[in-house]
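Q: sequence below, structure please.
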Amino acid sequence: MASHKIRILHTADLHLGTNFSSFPDREVRDILRGEQSNILLELTRVVKAEKIDLVLIAGDLFDRPDLDQQIVNRVKNNLANLDCKVHICAGNHDPYIEGSFWATEWPDNVHIVPHTEVESYYYEDLGILVDSVSFSDIYSINSLFTAAPQTDVPVDTLKLLMLHGDFGIEDRKSSYNPIPISSVKAQGYDYLALGHIHLAQEGNLGFRDAQYAYPGAPQGRGFDELGQGHFLVGTFTRDSGLGRYNQEWKKHLLNTRPFLIHEINISDVENEHEIQQAIEEDLIQWQKTKEFDLKRAILRLVLVGSPDLKFNISLGHLQEYIKSLDYFYVEIEDKTKVPLELDRWSKHSGFGQILVQEYEAQKEKALPEEKERVDRALDLILRAHERTINET
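A: Alright, predicted model coming up:
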C-alpha cells in the first residue's frame, strides 16, 4: 500500500569519468573531474535532507562503457551509503553490453535495469512501480519502449516510466531511442523520468496530471550545456477522491561550475587598456545579478559592438588579464563588427569597388548559415586595411 507522500529524486546524464578534453589546461581538467565526482556526495546530502524514498538515474551515469574500475567502485560505495532505493538504466554513453560493469555486483539498495526487454519493477514497501529499459548499444534507431508487461499491483500504486532517449519523436528520426508520445500516453503513468537531453525541460503528458521531465546535466561539459546544474525533487501525494497522484517538483541547485556565455559591448573603447576596463566593469555589474560567484564559473565573454578600427584586439592578452583577476576559466570571443558603409566604399575606385562587388557576390550565393562568415571576412579585411593605412 502506498504511503501518503512519496519523495522522488530524478537525475540523469552525470557522465562521470568525463575527461573534459576540450580544455587545454591540464589543471583545469583535473579540477573539473574532481568536482564532477563530488556530485554523488551532494546526492547523499540531498537524499538525507529531503527524505527521499527513491532515486531515479535515467541513463548516462557514466561517460563511457570502458571506465577505470576505480571510478565504478567509488560510485558503488557512494550509492550504497544512500538511505533509499536507487533505480538506474543504462544510456547510450554507458550501454549495458557484454562484460559491462552493469553486470557486476551492485549494492543491495541499487537496481540496474536490464537491456533485453522492458522491465516492470515493483517496490512493494514504497508502493511504486517503475517501468524501464537500458540501452544495449551506443545507438538505437528503433524505440526501446513499446509497452510494458502487465503487472498486478494495487490500484494506488505510483506508476513511473524511466527512459533514456529522444522523447516526442513520432517519425523515428533519431539514433538515440526515439520515444513517440503515443507509445506512453495510454499507459497510465504518473511521471515519465527522462535522460539524454542535457538542457532541462518539462511538460505535461496530456492526460490527468501526468508529467515528464529531462532534469538536464548536473555538471555541464561545454558551452552547449549552459547554466547551473540541479537535481529534480518531487513530492507525490495520493488524491484518493480523484484516483491520482498530485505532484510538486522543485530544483535543488548544485554547487557545480556553470558554463555561461555573456556579451560585452565595447563600441566606445579606443585601445586595449580600455577594453580591459570595460570587461572588468561589466563583470562587476553582472555579478550583482547572480547568487553564485562568477569567479568559479566557466565563462565565455563575447565582445560585440563597433570599436575603433585602428587597433588590433589581442584575445590572448585579454584572457590572461581577466584570469589574473582570479576568474577560474575565461574564453574571449571577438564578434565586434565594422560598420559596413557599403555605399561609401563602393565610391572608392580600385580597392573599395572591387571589395564591395566581391562581398555582394559572395553574400548572394552564400547559404543562410554561411552569411555571417561572409560578413566576418569583410570585417577582417576592413580592419586590416584600416590598420595598414594608419601605420603608413
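Q: kindly export the strand or helix carrying Glu360 (C-alpha atoms) in CSV.
A: Assigned by DSSP states H and E, Glu360 belongs to helix 351-365. Backbone C-alpha positions of helix 351-365 (Å, rounded to 0.1, in the frame of the first residue of the first chain) are rendered in CSV as follows:
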residue,chain,number,x,y,z
PHE,A,351,40.1,48.5,-53.8
GLY,A,352,36.8,49.8,-52.5
GLN,A,353,34.8,49.0,-55.5
ILE,A,354,36.3,45.6,-56.0
LEU,A,355,35.8,44.7,-52.3
VAL,A,356,32.1,45.7,-52.4
GLN,A,357,31.4,43.8,-55.6
GLU,A,358,33.1,40.6,-54.3
TYR,A,359,31.3,40.9,-51.0
GLU,A,360,27.9,41.3,-52.6
ALA,A,361,28.6,38.4,-54.9
GLN,A,362,29.6,36.1,-52.1
LYS,A,363,26.7,37.2,-49.9
GLU,A,364,24.2,36.5,-52.7
LYS,A,365,25.3,32.9,-53.2
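Q: helices and strands around that helix, which ones?
A: In terms of contacts (3 or more CB pairs under 8 Å, 6 or more residues apart in numbering; DSSP states H and E), helix 351-365 is packed against helix 342-346, helix 371-391. (Glycine included, C-beta is placed from N, CA and C.)
Q: quick check: end-to-end length of stretch 8-27?
A: 36 Å (CA to CA, to the nearest Å).
Q: how distant is it from the center of its chain?
A: Centroid displacement of stretch 8-27 relative to its chain, using CA atoms, centre = their mean, to the nearest Å, is 10 Å.
Q: state the mean pLDDT of it.
A: For stretch 8-27, the mean pLDDT works out to 93.
Q: what distance do you get for Ser209 to Gly234?
A: Rather than Ser, residue 209 is Asp. Here the criterion is CB to CB, to the nearest Å. By it, Asp209 lies 12 Å from Gly234.
Q: quick one: end-to-end distance for stretch 20-30.
A: By CA to CA, one end of stretch 20-30 lies 9 Å from the other end.
Q: distance from the chain centre to it, please.
A: 18 Å.
Q: can you pull the pLDDT of Glu372?
A: For Glu372, the predicted pLDDT is 74.
Q: got any ranges where the protein has weak pLDDT?
A: For the chain, applying pLDDT under 70 flags the ranges 1-3, 207-208, 240-243, 309-311, 338-349, 352, 379-380, 382-392.
Q: so Asp66, which state does it fall into?
A: Secondary structure, DSSP: H, G, I helix; E, B strand; the rest coil: Asp66 is coil.
Q: compute the number of surrounding residues for it.
A: By other CB atoms under 10 Å, 12 other residues sit near Asp66.
Q: now do Leu161
A: Neighbours of Leu161 (other CB under 10 Å): 28.
Q: same question for Ile6.
A: There are 23 residues near Ile6, going by other CB under 10 Å.
Q: so it sits right up against Thr235, yeah?
A: Yes: counting by CB atoms under 8 Å, Ile6 touches Thr235, with 7.5 Å between them.
Q: distance of Phe23 from Val55?
A: Taken as CB to CB, the span from Phe23 to Val55 is 30 Å.
Q: for the stretch 151-300 of the chain, which segments count as strands?
A: 158-164, 166-167, 178-179, 191-195, 201-204, 211-214, 230-239, 244-253, 259-265, 298-304 (DSSP state E, counting those that start in this stretch).
Q: looking at the ones you listed, which is nearest to Asn77?
A: Nearest to Asn77, of all those, is strand 230-239, at 19.6 Å by CB to CB.
Q: mind listing what that closest one pairs with, with the direction of each?
A: strand 5-11 (antiparallel), strand 244-253 (antiparallel) (DSSP bridges).
Q: any idea which of those is most buried?
A: Among the strands paired with strand 230-239, judged by mean count of other CB atoms under 10 Å, the one packed with the most neighbours on average is strand 5-11 (a mean of 22).
Q: what's the helix or strand for Asp131?
A: Short version: Asp131 belongs to strand 128-132, going by DSSP H and E.
Q: show me what that strand is in contact with.
A: 2, 6, 53-54, 56, 87, 89, 113, 118-123, 145, 148, 151, 153, 157-163, 187, 189 (CB atoms under 8 Å, 6 or more residues apart in numbering).
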